[in-house]
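Peer 1: Need the 3D shape of this:
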Amino acid sequence: MNMACLGDLVINIYTFSLAMMLLVFQENDRKSKSNLSFTRLIGILAILVIASALIDVGTLVGGTFTGFSKFATYVIFALDPFGFLFAIHYIDCFVKKDELTDDLSGFFILPVKAYAISNFFIITVSTLFSLNWFFYYDLAGYHRGNFFYIRLVFHAMACICILAYIIYYRNAIISVYRTPLLALPIIVGVGIISQFIITGINFAYAATVFAFLILFIYVQRCDVNMDYLTGVVNRRGIDKALKKAVNDSVFKSFSVIMVDIDYFKLINDRFGHRSGDEVLSAIANILKETFDDDTVVGRFGGDEFCVVTPISDEKILKERVDKIKDAVSMIEWSNKGEMDLSVSTGIATYKRNSKMQIKDFIDHADRMMYEEKTRHHLAAGL
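Peer 2: Reported below is the predicted structural model:
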């Protein structure tokens with residue numbers, strides 16, 4: 001038993017170290033909604049891990065330290081559902097609510113919140129009045145109470161709520177984040193099940209911190225190449241896609257489509273930057289929907305987008321561009337009717353075994369796009 005406690009103590013210390021690393025190395029913008037949610041989540045996990053370590057110390061040392069074990073057990077039973085609550089609030093930060101026709105997040109969040117709060121009060125009452133509903137200590141040590149497994153069912157339901165939330169809002173979550181977010185409750189669920197099957201070893205919190213470590217690393221890696229506003233890749237991501245496409249051009253050609261929003265400065269000046277952001281997001285979505293997953297859509301800078309696609313057939317490219325322009329003209333934005341939306345485009349195809357430098361290739365596509373943009377301005381008398 002002591003060896004199991006010692007092993008659990010080592011796991012808890014290791015898990016706590018990981019939790020502290022996650023807090024230290026998160027993004028610098030600590031006041032953002034996502035970072036505040038992340039801090040609360042990792043903070044509660046750190047408290048729970050410390051409490052678990054105190055239980056191990058009390059079990060190993062005994063004597064007066066048994067009191068530490070009792071108090072630490074109360075802390076874990078009272079607070080661990082808040083881990084689910086803070087987790088679903090953190091995941092909620094990845095959902096683009098502006099793309100939803102209805103917001104049913106409360107349907108998933110409120111049950112978890114109700115469970116966390118009611119559990120805290122019930123555990124507190126049980127402990128203060130020695131009712132032993134969920135756990136108790138005697139001369140032989142820790143024991144599970146009569147209602148222990150009922151609480152386990154609510155734990156499972158909270159985990160299912162998080163998974164259902166992610167599945168329900170999957171289309172409103174930036175695609176690159178879906179996989180690690182879906183994996184998160186699954187990993188935590190496996191840890192919780194292992195925790196209750198194999199007593200004496202703290203798998204639940206270790207699995208939770210491990211899951212969020214995976215999510216953290218994945219998000220940080222994606223954010224390096226991601227434009228947060230539009231959900232497409234940024235200039236760095238475009239450069240990466242272009243280098244890969246050029247390397248693969250030995251076997252196949254590829255094309256680049258440059259897309260620039262007409263009169264974007266006028267949109268910002270006349271309706272404000274929020275409207276400008278709305279237009280950028282809408283056009284980014286159109287570009288993503290127009291092409292398959294093998295195409296990279298990125299924000300080249302400002303109001304200009306770049307599409308790197310394996311399509312090299314001139315007729316198909318023109319059909320896709322026409323589809324983009326038609327969709328842009330139909331965007332239902334907040335100022336539709338006061339100002340029409342349109343884009344200028346430039347297409348360039350990189351032929352197999354071409355020796356053209358990437359910069360020259362992009363400049364060529366850019367020139368094609370600006371020629372069309374000039375024609376649009378002349379036609380509008382601007």
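Peer 1: By residue count, which helix of the chain is the longest?
Peer 2: helix 33-61 (DSSP state H).
Peer 1: ranges for the strands of the stretch 251-382 of the chain?
Peer 2: 254-261, 296-301, 304-309, 343-350 (DSSP state E, counting those that start in this stretch).
Peer 1: which ones are touching Asp366?
Peer 2: The contact partners of Asp366, by CB atoms under 8 Å, 6 or more residues apart in numbering, come to 258, 346. From N, CA and C alone the C-beta is placed, and that goes for glycine too.
Peer 1: From Gly237, how far off is it?
Peer 2: 18 Å (CB to CB, to the nearest Å).
Peer 1: ok, back up a step: identify whichever of the strands of the stretch 251-382 of the chain lies nearest to Leu131.
Peer 2: Between Leu131 and the strands of the stretch 251-382 of the chain, the shortest gap by CB to CB is with strand 296-301, which sits at 58.6 Å.
Peer 1: So which other helices or strands are in contact with the closest one?
Peer 2: If you count contacts as 3 or more CB pairs under 8 Å, 6 or more residues apart in numbering; DSSP states H and E, strand 296-301 packs onto helix 235-248, helix 273-290, strand 304-309.
Peer 1: In three-state terms, label Ser130 for me.
Peer 2: Taking DSSP: H, G, I helix; E, B strand; the rest coil as the rule, one finds Ser130 in the coil state.
Peer 1: And for it, nearest residue in space, chain neighbours not counted?
Peer 2: Leaving out its chain neighbours, the residue that sits closest to Ser130 by CB to CB, 6 or more residues apart in numbering is Tyr136, at 7.7 Å.
Peer 1: likewise Met356?
Peer 2: Once flanking residues are discounted, Met356 sits nearest to Tyr350: 6.9 Å by CB to CB, 6+ apart.
Peer 1: per the record, what domains does this protein have?
Peer 2: 2-224, 235-380 (automatic domain parsing).
Peer 1: quick one: which of these has the weakest pLDDT on average?
Peer 2: The minimum mean pLDDT among those belongs to domain 2-224 (a mean of 76).
Peer 1: ok so, going back, how about the strands of the stretch 251-382 of the chain, which one is nearest Ile91?
Peer 2: Comparing the strands of the stretch 251-382 of the chain by CB to CB, strand 296-301 comes nearest, at 24.3 Å.
Peer 1: contacting residues for His364?
Peer 2: Contacts of His364 by CB under 8 Å, 6+ apart are 348, 356.
Peer 1: just the one 3 residues further on next, same as before
Peer 2: Listed by CB under 8 Å, 6+ apart, the contact partners of Arg367 are Gly346.
Peer 1: try Val75
Peer 2: If you count contacts by CB under 8 Å, 6+ apart, Val75 has them with 47-48, 51.
Peer 1: and if you look at Val307?
Peer 2: Contacts of Val307 (CB under 8 Å, 6+ apart): 256-259, 287, 291, 295-298.
Peer 1: can we see that at 10 Å?
Peer 2: 232, 238, 241, 255-259, 287-288, 290-291, 295-298, 300, 317, 320-321, 324, 345, 347, 365 (CB atoms under 10 Å, 6 or more residues apart in numbering).
Peer 1: For it, give the beta-bridge partners.
Peer 2: The partner list for Val307 in beta bridges (DSSP bridges) reads Ile257, Val297.
Peer 1: swap in Thr345?
Peer 2: Val259.
Peer 1: What about it, how many residues nearby?
Peer 2: Residues near Thr345, counting by other CB atoms under 10 Å, number 22.
Peer 1: The helices and strands packed on strand 296-301: which one's closest to Cys161?
Peer 2: Per CB to CB, nearest to Cys161 of the helices and strands packed on strand 296-301: helix 273-290, 28.0 Å.
Peer 1: by contact count, what packs against the closest one?
Peer 2: strand 254-261, helix 264-271, strand 296-301, strand 304-309, helix 314-329, strand 343-350 (3 or more CB pairs under 10 Å, 6 or more residues apart in numbering; DSSP states H and E).
Peer 1: who touches the residue lying closest to Val296 once chain neighbours are set aside in this structure?
Peer 2: Nearest non-adjacent residue to Val296, counting by CB to CB, 6+ apart: Ala241, 3.9 Å away. Taking CB under 10 Å, 6+ apart as the criterion, Ala241 is in contact with 225, 233, 254, 256, 295-298, 306-309.
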